[in-house]
Structure formats: C-alpha cells, structure tokens
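K.L.:
I would like to see how this sequence folds:
(2 chains)
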Amino acid sequence: MDSLKPDRSLDLRGTVCPFNFVKTKLALEEMAPDQLLEIIIDDGEPVRNVPRSIKNEGHKIVEVENWGNAFRLLIRKVSDHQSLP
Amino acid sequence: MSISTEGEKAILIAGQEIRIRPEELKSGGLIPQKQRNMVTVRCMAPGGRVTATRLKRIAEVAEKYGHGVVHLSVRMSPEILYVPLDKVEALAKELEEVGQRIASCGKRVRVPTACGGCEYNPNGITDTQALAEEVNARYFGIEAFHKFKISFSGCPIDCPRSRESDLGFQGQVEPELVADLCTGCGLCVRACQDDALSMEPLLKTPRARNGLPVRDAANCLSCGDCIKACPFEAMVAKRKGHAIYVGGKHGKHPHVAYPLAEFVPDEKVFPLIEIVMQWYKEHGKRDERLGLTIDRVGIDSLRMRLKDVIGENLLGPEDLAKPRWRRIFWAGTADTFPTYSELGDEA
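P.N.:
Model prediction:
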C-alpha cells in the first residue's frame, strides 16, 4: 500500500496532552477540506486521547503507522459543516 | 413555631401539609438545623442537573429567606441553608413558580444521582441523565425500610460510585472486531489500559498485513476505549448495557455493593428496579439498608427473583472468579488488605 502524500506535517513527539490535540486541531482549521495532515504522536497517553478526539471532531484518519514508540497518523480534514455533530 | 418531637403542628409546603416533627420534616425535604426554628431546604436535582432558570431562583430565595448561601450536597442536591421555619411555605411557592421541587430525605427512594451523561462526555456509553429523570419521575419518594439510593454511571470510570449505591448502574459496551475493516495498526491495543487486547501476528487479512488485535474477555472492563480509538470503525459495539451493583452504602458502616448483572439493556432497568424494591419490601427489616438485608437473606434469593427478567445477564460464581470481576470487585476488599505487623522497635 503506497502512502498518501500529506499537505502538512506536524511532529508532536514530546508534546503532552491536550496540547498535541490542540495543535492538531489548529492545523486542521487552517487547512482546506480534503487536505491531508500528517501527525506523529508519542505512544501512551497521546495514542489513547488524540485519535479519538480527531474522530469526535469529525475528521477522518486514513492511515496509521506504528513506529514502536510513536505513531504516524494521516488525517483527512472534513469540511467545517461536516465536523460538527 | 418550634421543632418538637411531640407536637403535631403542621405547615403547608406547595399545597402539601407537612407535620413539624424531624422525621416528617425530612419527608418534605426540610432538614432541621442545630439552630432553633431553622431548616435546610433540599432542592430536587435528578442526576445533578438543574436549569439555569431554576438555579437563579434557588440563588434568589437563598438570599431572600436564607443567608445567601447554597450547599451542594454530596448527592448533587442544592440545599438552601438557614431558612426560618415560618418562611418555608413562601420559599417553596417561589421555587414552584419555576418548577423547582423540594426533595425528600429520610427512609425512601431518593433522587437518583448520575454523571454528566453521554450526550457530551466522550467516555459516555449509556444515557444516564434520561434514565435518572425517568427513575425520579417513577419512583422518587416511595417509602422503604431505610434510604434507597440509585445512581447511574455512563461508563466504567464510575464517577457516581455504583458500588456505594443501594442500586448502581454502570454503562458498559462489549467490543467486537470486524476483521475485514481492520488494518492492524494497533491503536486499539495501545488505547486499552487493561491489557485486554494484544496483536496476534498469525491472523492476517489483506488490509491487516501485521496481524489483528485479539481480545481477552477476562481482562476487558467494557469501557469501549478501543472502539473510540479505532480510526477505521473496525472495532464496533457488539452489545451495550448496564453493569448492576446492589446493596452498596457509605456512612459509618460502609458496605461494598454486590455485583449482580452485566449488559442489562435500558428497557430492563425499570422492571429490575421494581423487582429489587419488591424483594426489599418482602425481606427487609425496619432500619435495615438493602445491603444488610442481602447479607442476612442471601444474594441468591434476589438473583432468583430476577431470573425471569434478566436471567441471561446475571453474574454467577464463575463470572466473579474471572480476573475481570476480581479486579473490579475484589480489589481493596478485606481479603486483599495488606497484612499488618505489630509495630515494635526497629530491627
């Protein structure tokens, strides 16, 4: 499976919760619908919290790579009106 | 007027006659204070939720009739302090204008407590607020041998403390893997804090080249963290419901509740409450909390009564022997207490 090419990338290793999600959310807000954001988060608490928060916002996680002590997530931004429940 | 255990004086509260004796005062939601002729007025707030309009009115009457202070009770009821007994009727009328009722205390079914609910809490599994409202409407105030407290927790984090309630409901969800949708990314394994999931390298699908997650049901606490974390909707809810605890209480003599059932669906909550209350009515004694009645009569008597309604959900001895229930139920109870040695001179 060839990896999709991200439009923007954030290395959030070392960034604690909830700031890793806040940075992700702010980045997504600046992006256009359907663009792809790559984030890299630490294993542990960020892995438990960040993906579910992204889902709750209505965005779509399209790829996940397990790097052992970190995870790479590729997120497709949904349009603003789709992101609200 | 003064509070007397002999007098039969009565006052009207919201059209209802309340006798002025401590126990009767409590039935109307008035708690006698140390101060002569002063009571605390307990306001009803099922699930701890109160509208802003009612909250404003509670604040207004607290300033008008009390000392301008409201205490939030441990079980979520706003209590207006320092209300002179002869002002209670006027205060109650003003509360009634915005639909704010006074709650009762004493030996009866109390206002249920509940967590914030699943409508906004990301951890929520069951609709605790709706159930608390409905239970309050149906059963509030029914007299019993002792206080009867019901609580609703939306998930196993259990903020309202199911194990300290006479009847505690705790939301739970059983996850199930849709293998065809799983990419084997492992996020669910990392999301689980109870070692209930592990990656199985032998099981593979075209999408999951690295294997699939496998669940150990004995360790799973049914919190649903794996479902919430899965990016591909591959981990789904097989069934949702309530874990049920009975006979818990706090106080001078705390009693940890018995785990009774799991995955009880919403529609069986009310029949279950009615059977438990009926059983308590038949087997209980005056001044005996439900947990002590169960201790005396035996949990099997209650389980048998519930068999027709939630037979498939009842927990048996084999369930309680599993690590899942040992970790939830037994941890911290007497048989796991550390052994203390006599304190002597340091060796």
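
K.L.:
A:A32: neighbour count?
P.N.:
Burial of A:A32 is recorded as 8 neighbouring residues (other CB atoms under 10 Å in any protein chain shown). For glycine as for every other residue, the C-beta is placed from the backbone atoms N, C-alpha and C.

K.L.:
pLDDT score assigned to the spatially closest residue to it that is not a sequence neighbour?
P.N.:
Once flanking residues are discounted, A:A32 sits nearest to A:K77: 7.1 Å by CB to CB, 6 or more residues apart in numbering or on different chains. Per-residue confidence (pLDDT) for A:K77: 95.

K.L.:
got a list of what A:K77 touches?
P.N.:
Contacts for A:K77 (CB atoms under 8 Å, 6 or more residues apart in numbering or on different chains) come out as A:L28, A:M31, A:A32, A:P33, A:D34, A:Q35, A:L36, A:L37, A:H59.

K.L.:
ok, so of those, who is nearest chain B?
P.N.:
A:H59 (9.9 Å; CB to the nearest CB).

K.L.:
quick one, phi psi at that closest one?
P.N.:
phi -80, psi 160 (degrees, to the nearest 10).

K.L.:
report the contact partners of it.
P.N.:
Listed by CB under 8 Å, 6+ apart, the contact set of A:H59 reads A:L28, A:I75, A:R76, A:K77, A:V78, A:S83.

K.L.:
go on, B:A191?
P.N.:
With contacts defined as CB under 8 Å, 6+ apart, B:A191 is in contact with A:V47, A:R48, A:P51, A:R52, B:D225, B:C226, B:K228, B:A229.

K.L.:
B:K238 versus that one, what's the distance?
P.N.:
Per CB to CB, to the nearest Å, B:A191 is found 17 Å from B:K238.

K.L.:
report how many residues lie close to B:N123.
P.N.:
There are 19 residues near B:N123, going by other CB under 10 Å.

K.L.:
I'd say it and B:G154 touch.
P.N.:
Yes - shown here, B:N123 and B:G154 form a contact pair, counting by CB atoms under 8 Å, at 6.8 Å.

K.L.:
hmm, back to that, could I get the contacts of A:H59 in TSV, plus columns for secondary structure?
P.N.:
Formatted as TSV, the contacts of A:H59 follow (DSSP: H, G, I helix; E, B strand; the rest coil):
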residue	secondary structure
A:L28	helix
A:I75	strand
A:R76	strand
A:K77	coil
A:V78	coil
A:S83	helix
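
K.L.:
looking at the contacts of B:A191, which are in helices?
P.N.:
Mapping the contacts of B:A191 onto helices (DSSP state H) picks out A:V47, A:R48, A:P51, A:R52, B:D225, B:C226, B:K228, B:A229.

K.L.:
let me know the average pLDDT across stretch A:27-42.
P.N.:
96.

K.L.:
got a list of contacts for it?
P.N.:
Counting by CB under 8 Å, 6+ apart, residues outside stretch A:27-42 touching it are A:4-15, A:20, A:24, A:47, A:50, A:57, A:59, A:62, A:67, A:69-80, A:82.

K.L.:
who wins on neighbours among the contacts of A:K77?
P.N.:
Ranked by neighbour count (other CB under 10 Å), the contacts of A:K77 have A:L28 at the top, with 23 neighbours.

K.L.:
residues of chain A that sit close to chain B?
P.N.:
A:43-44, A:47-48, A:51-53, A:55-56, A:60-62, A:64-66, A:71, A:73 (CB under 8 Å from any CB of the partner chain).

K.L.:
how about 6 Å then?
P.N.:
A:V47, A:R48, A:P51, A:R52, A:N56, A:I61, A:V64, A:N66 (CB under 6 Å from any CB of the partner chain).

K.L.:
you'd agree the fourth one is up against B:K228?
P.N.:
Yes - under the contact definition of CB atoms under 6 Å, A:R52 touches B:K228, with a separation of 4.2 Å.
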